[in-house]
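S.K.: Give me a 3D structure for the following:
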Amino acid sequence: MGPAAGAEEGRVTVVGLTPGERLLLWAGLPALGIVLGFLLPPVADGATGLPWAPLEGPLELIASWEGPWVAAALAGTGLLLGAGLAFLAVLTCLRITLTDDRIRLDKDGRTRTLRREDVAAVFLDGKRLVVLAPDTRELLREEPEGGAEALAAAFAAHGYPWRDGGDPYAEHFRRWVPGAPEAPAGVNALLKARESALRKKSRQDAEELREEVQKLGAVVRDGSGHRQYWRPLIPS
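M.R.: Predicted coordinates:
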């Protein structure tokens, strides 16, 4: 998506999809679905008989569908599918609402609120927005909409400690290897289970295990492949 929207009303700033991006999703995807549905039979007819075309039988069946009611039904199905995709796209984009004393986070139909006094640092780690607590545990690690400049301006406008240089504790991270003797008790087992979740691409399990690792006094972040890096909580 394009730059994040920073719609400020009084002392409230909203960072997320711009109105233009929302319009593109809500209007563009259903319209594309209508066109694809309407064109499905003639496209299938044109593909029938091509030596490289897969599933020749289903293509012939689709190509045989004729009549205005069939075209209307396919276009309607495309409309519904496009609207569904637009809904999912908007729902899964992170929306950040900032005030001087609260950060509200809306994503996947869920809402979280962080208090200003619980925020010690805000920065980008690659494409992820990270919020640290005073004890250096991560309160948030999510991919936001927009670029660093828009995010920095929005957080700074409300007095949050934005770090242009990134993670102030980056040098404390070390690569995790199974059985690392310096890891806090129990962390090795959790990171081993989390490595398995990453290999299985089980995002929800990986995030739940990240939270469990933090409860034991360590912070984890991901590197390339299935590499995991961890650091202990840093006392103030």
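
S.K.: and the biggest helix by length in the chain, what does it pack onto?
M.R.: For the chain, the helix that runs over the most residues, judged by DSSP state H, is helix 68-91. Applying 3 or more C-beta pairs under 8 Å, 6 or more residues apart in numbering; DSSP states H and E, one finds that helix 68-91 contacts helix 29-47. Any C-beta I mention is one placed from the backbone N, CA and C, and that applies to glycine too.

S.K.: Next, the angle from the helix it packs on to helix 68-91.
M.R.: On the basis of axes from the mean of the first three to the mean of the last three C-alpha atoms, to 10 degrees, helix 29-47 is oriented at 130 degrees to helix 68-91.

S.K.: what pLDDT, on average, does helix 29-47 get?
M.R.: Taken as a whole, helix 29-47 has a mean pLDDT of 75.

S.K.: Who are the packing partners of that helix?
M.R.: helix 56-63, helix 68-91.

S.K.: can you list the weak-confidence ranges in the chain?
M.R.: 1-10, 17-22, 25-26, 44-65, 86, 89-92, 236 (pLDDT under 70).

S.K.: one more time with 50, if that's ok
M.R.: In the predicted model of the chain, residues 1-4, 8-9 satisfy pLDDT under 50.

S.K.: isn't Gly144 right next to Leu98, touching?
M.R.: No, residue 144 isn't Gly; it's Pro. No. Pro144 lies out of contact with Leu98 (C-beta atoms under 8 Å); the separation is 11.8 Å.

S.K.: Quick check: neighbours shared by the two?
M.R.: Counting by C-beta atoms under 8 Å, 6 or more residues apart in numbering, the contacts common to Pro144 and Leu98 are Val15.

S.K.: quick one on the thing from earlier: next secondary structure after the longest helix of the chain?
M.R.: Next along the chain after helix 68-91, taking DSSP states H and E as the criterion, comes strand 95-98.

S.K.: Can I get that following strand in CSV, CA atoms only?
M.R.: Output of strand 95-98 as CSV, limited to C-alpha atoms (Å, rounded to 0.1, in the frame of the first residue of the first chain):
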residue,chain,number,x,y,z
ARG,A,95,-4.9,0.7,12.2
ILE,A,96,-3.2,2.9,14.8
THR,A,97,-5.1,5.6,16.7
LEU,A,98,-2.8,7.9,18.8
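
S.K.: Since that was my last question, I'll sign off now.
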